[in-house]
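Asks: have a look; sequence and predicted model below, questions after that.
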Amino acid sequence: MAQAPVILWLRRDFRFHDHRAMMAAHETGAPVIALFICDAQIEGLGAAPKWRLGLAIEAFAKALSERGGRLILRRGNALRVLQEMISVTGAVAVHWSRAYDEEAIARDTEVKSALKAQGIEAVSHAGHLLFEPWSVATQKGEAYKVYTPYWRAVKDRGVNAPVRVVEKWSAPADWPESDALRDWGLGDGMQRGAQVVAGHVQVGEAAALDRLRRFTEEKIDSYKANRDIPSHHATSGLSENLTYGEISPRVIWHAGWRRMEEGASGAEHFLKELVWREFAWHLMYHFPQLPDQTWRKEWRDFVWHDDNDDAELWRRGMTGEPFVDAAMREMYVTGTMHNRARMIVASYLTKHLRVDWRVGRRWFEECLIDWDPASNAMGWQWVAGCGPDASPYFRVFNPATQAEKFDGDQTYRRAFIAEGQDPPAETAQAFFKAVPKSWGLDASQRYPKPIVDLKAGREAALEAYQDFKS
């Protein structure tokens, strides 16, 4: 009789290198059925991340078929789909990579309990992070609340070497039926924006590994010096691929560490940024309400403005503040936004406009192809002032002075703002092709006047903060 298969339940781990769950499934010696489930968590994604997820699935399915495997797609409740798949295939085990948000933990706990009760082996594996969130603690056994002590705690711990690549697939004699990816409509929400953003994505494991190679060979030396200048394109761009598990964080860590040992001046700072992502997941695991509830308890009575007309102009990249608008437009054209620019637009919304940080968080969740729930939530709270920022003062970024400092030659702003330019840059014109027609925007229109005076907005923010403190 043919050996009973095992199921590899894929989520956000579309790669063959350093994939513990995949390796564990193959080490059983049994045929392996790779399964992706479009469940409630997937259905709830924003337009851009859901579209980009579809590209990741498509690329992985193609790579898997080249190794003799097949990616099975099913839609529905995760536990019910797995039980049905076990019934159809006779599978005796399910392996998957852990997730760390509250909803996923609840789902996976239910799945593991139910499958074990049926006599099915159910095993979760590490793989999304460098360090499991519960494995890093203060001397008092508590979670870290400030980044710098967290970095000091993990930087010399050592990161295990990646597990070997799965080159060939152990296929079953018969494949179960699969949904067609196109029938899921994962890209429907992007509408006409998909065609614009498609020119800027780098999809799949091969592209991600090449991205890492090029960065560590060509850019890492100058990373610390140039990473805050949007027009220099000095960052790795790997956040897109990390989001979908097209590259392992351990592979990135070891590549960066090797360059640090070789004397690359920007390598340690790059590793710190990778650990910033770890810290975000550390916080979210220990404080599951991070995406929706103010992290600092004393800030929970601060009065923010609800969503309003000013926030809508912010969303449309029409605030009249060029650095802010260029950043928002970059997001619609490329699907991502430079990290310095993210801080500027977030500060402008939460400080100069005093709009609730959750309004911005939700919009990023809708529009970013590299959307990461922990990093996004922590980033917004950090900028808003209610998150894990050790700064002793109320931070207000001035977009005009930030532009002068990090975009002094206006290269970044000209790249994404078409109004008043003759001729406008291609990326600046692409903004009007990507955004909804209902916005009624056209490159021939006059660039808007600022919706708030920067000095007055800053003073109002500081006054609101002082009133709150007192």
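Replies: Arrived safely, thanks for sending.
Asks: distance between the lengthiest strand in the chain and the chain's centre?
Replies: In terms of residue count, the longest strand belonging to the chain (DSSP state E) is strand 32-38. Mean-position distance between strand 32-38 and its chain equals 22 Å (C-alpha atoms, centre = their mean, to the nearest Å).
Asks: paired strands for it, with orientation please.
Replies: Using DSSP bridges, strand 32-38 pairs in its sheet with strand 6-10 (parallel), strand 71-75 (parallel).
Asks: okay, helices next: where are they in the stretch 201-350 of the chain?
Replies: Secondary structure of the stretch 201-350 of the chain (DSSP state H, counting those that start in this stretch): helices located at 205-218, 223-226, 239-243, 249-261, 267-286, 309-315, 322-334, 339-347.
Asks: could you dump those helices to CSV with mean pLDDT?
Replies: Listed next are those as CSV, based on pLDDT from 0 to 100:
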stretch, mean pLDDT
helix 205-218, 98
helix 223-226, 95
helix 239-243, 98
helix 249-261, 97
helix 267-286, 97
helix 309-315, 98
helix 322-334, 98
helix 339-347, 97
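Asks: which of those sits most buried?
Replies: helix 322-334 (a mean of 26; mean count of other C-beta atoms under 10 Å). C-beta coordinates here come from the backbone N, C-alpha and C atoms, glycine included.
Asks: can you give me the buried ones in stretch 73-93?
Replies: 73-74, 78-79, 81-83, 85-86, 89, 91-93 (16 or more other C-beta atoms under 10 Å).
Asks: find the pair from those residues with maximum spatial separation.
Replies: For the buried residues of stretch 73-93, the farthest-apart pair by C-beta to C-beta is L73 and V92; their separation is 21.9 Å.
Asks: what's the burial count for F287?
Replies: 17 (other C-beta atoms under 10 Å).
Asks: now do the contacts for it.
Replies: By C-beta atoms under 8 Å, 6 or more residues apart in numbering, the residues touching F287 are 143, 295.
Asks: and H95, by the same measure?
Replies: If you count contacts by C-beta under 8 Å, 6+ apart, then H95 has 6-9, 21-22, 24-25, 123-125 around it.
Asks: can you put the residues you listed in TSV and add neighbour count and distance to P133?
Replies: Formatted as TSV, those follow (neighbours: other C-beta atoms under 10 Å; distance: C-beta to C-beta, whole Å):
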residue	neighbour count	distance to P133
V6	26	27
I7	25	26
L8	27	23
W9	24	21
A21	23	18
M22	26	22
A24	17	21
A25	27	24
V123	16	19
S124	18	14
H125	18	15
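Asks: so which of those residues is the closest to N376?
Replies: S124 (23.8 Å).
Asks: secondary structure element for that closest one, which one?
Replies: strand 121-125 (DSSP states H and E).
Asks: domains in this protein, as residue ranges please.
Replies: 6-126, 129-160+202-286, 297-469 (automatic domain parsing).
Asks: quick one: distance of the first one to the chain centre.
Replies: When C-alpha coordinates are averaged (C-alpha atoms, centre = their mean), domain 6-126 and its chain have centres 20 Å apart.
Asks: quick one: end-to-end length of it, please.
Replies: Using C-alpha to C-alpha, to the nearest Å, the end-to-end distance of domain 6-126 comes out at 18 Å.
Asks: over to the shortest one?
Replies: Domain 129-160+202-286 has an end-to-end distance of 15 Å (criterion: C-alpha to C-alpha).
Asks: how much space between R296 and S265?
Replies: Distance of R296 to S265, given as C-beta to C-beta, to the nearest Å: 35 Å.
Asks: now tell me what touches the lowest-mean-pLDDT helix or strand in the chain from outside.
Replies: Ranked by mean pLDDT, DSSP states H and E, the weakest helix or strand in the chain is helix 454-469, scoring a mean of 91. For helix 454-469, contacts defined as C-beta under 8 Å, 6+ apart pick out 301-303, 321, 351-354, 385, 394, 396, 398-400.
Asks: in helices, which of those fall?
Replies: Using DSSP state H, the subset of those located in helices is 399-400.
Asks: export the contacts of helix 454-469 as TSV, with columns for distance to A464 and neighbour count.
Replies: What follows is these, written out as TSV (distance: C-beta to C-beta, whole Å; neighbours: other C-beta atoms under 10 Å):
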residue	distance to A464	neighbour count
D301	12	8
F302	8	18
V303	8	9
E321	19	26
K351	9	24
H352	11	28
L353	11	24
R354	6	19
G385	11	23
F394	10	15
V396	11	19
N398	17	20
P399	19	24
A400	21	15
